[in-house]
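Chemist: Show me how the following folds:
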Amino acid sequence: MDHQVLEEIAKTLNADACNYEVFLRYFEVPLLKPARKDIIIKTVLGADATLGGIQEVEKASVWPNLKDALLYVGDNGAGPAAATMQSERLLALMGVLEDEVRNLVDAASTTESFWLQGGHPAYPVFWDFAYLISGKAGASILIGSSSD
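Modeler: Numbering: from 1, shown residues only. Now for the predicted structure:
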């Protein structure tokens, strides 16, 4: 996963936004032996990250959920700029991210959605997602949210 793409999407959505800030991160965790999911999450997101729940999801559902969140138009008091949502820049970045997410989940042995009871690295208000994606060589976390 290209970290620069995530940074550019967040930067683009945050530009000229009104009471709206996007947080997007991707982390990789090499695993030499199997590890508990809560331990993986704490290792990546910090000691305060407390797993609230986790469930396996259909791989095909990951991209539509991310896309819906990232293309959230907001309301009168908060959200990304209308021009941003129509921009060629955002649409091009979303196309790159779609390919990367689909490749990531297609290669995974399991894909799970989780939520944090505490210790979230951002402050989710309008939308959030968090995925633990596991494969032969390790695990990765893709997490995003928007706040006001």
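
Chemist: what sits against the closest residue to Ser134 other than its chain neighbours?
Modeler: In space, and not counting its chain neighbours, Ser134 is closest to Thr110: 4.7 Å by CB to CB, 6 or more residues apart in numbering. (C-beta placed from N, C-alpha, C; glycine too.) Counting by CB atoms under 8 Å, 6 or more residues apart in numbering, Thr110 makes contact with 56, 133-134.

Chemist: got it, and Gly77?
Modeler: The contact partners of Gly77, taken as CB under 8 Å, 6+ apart, are 18-19.

Chemist: tell me the phi and psi of it?
Modeler: Dihedral pair for Gly77: phi -100, psi -10, per degrees, to the nearest 10.

Chemist: quick one, helices of this protein?
Modeler: 3-14, 37-45, 59-70, 82-86, 88-107 (DSSP state H).

Chemist: Make TSV out of those and add distance to Leu51 and mean pLDDT.
Modeler: Listed next are the helices of the chain as TSV, based on distance: least, CB to CB, whole Å; pLDDT from 0 to 100:
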stretch	distance to Leu51	mean pLDDT
helix 3-14	22	98
helix 37-45	4	95
helix 59-70	19	98
helix 82-86	33	94
helix 88-107	20	97
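
Chemist: for those helices, which one sits closest to Gly52?
Modeler: helix 37-45 (10.2 Å; CB to CB).

Chemist: Now do that closest one: everything it contacts.
Modeler: Under CB under 8 Å, 6+ apart, the answer for helix 37-45 is 27, 29, 31, 35, 49, 51, 54, 112, 114, 116, 119-121, 132, 139, 141, 143.

Chemist: Buried only: go through those for me.
Modeler: 27, 29, 49, 51, 54, 112, 114, 116, 120-121, 132, 139, 141, 143 (16 or more other CB atoms under 10 Å).

Chemist: export those to JSON lines and tack on pLDDT and distance to Asp75?
Modeler: Putting these into JSON lines (pLDDT from 0 to 100; distance: CB to CB, whole Å) gives the following:
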{"residue": "Phe27", "pLDDT": "97", "distance to Asp75": "31"}
{"residue": "Val29", "pLDDT": "93", "distance to Asp75": "36"}
{"residue": "Ala49", "pLDDT": "97", "distance to Asp75": "29"}
{"residue": "Leu51", "pLDDT": "96", "distance to Asp75": "31"}
{"residue": "Ile54", "pLDDT": "98", "distance to Asp75": "30"}
{"residue": "Glu112", "pLDDT": "98", "distance to Asp75": "31"}
{"residue": "Phe114", "pLDDT": "98", "distance to Asp75": "27"}
{"residue": "Leu116", "pLDDT": "97", "distance to Asp75": "25"}
{"residue": "His120", "pLDDT": "95", "distance to Asp75": "22"}
{"residue": "Pro121", "pLDDT": "94", "distance to Asp75": "25"}
{"residue": "Leu132", "pLDDT": "98", "distance to Asp75": "31"}
{"residue": "Ala139", "pLDDT": "96", "distance to Asp75": "36"}
{"residue": "Ile141", "pLDDT": "98", "distance to Asp75": "29"}
{"residue": "Ile143", "pLDDT": "98", "distance to Asp75": "24"}
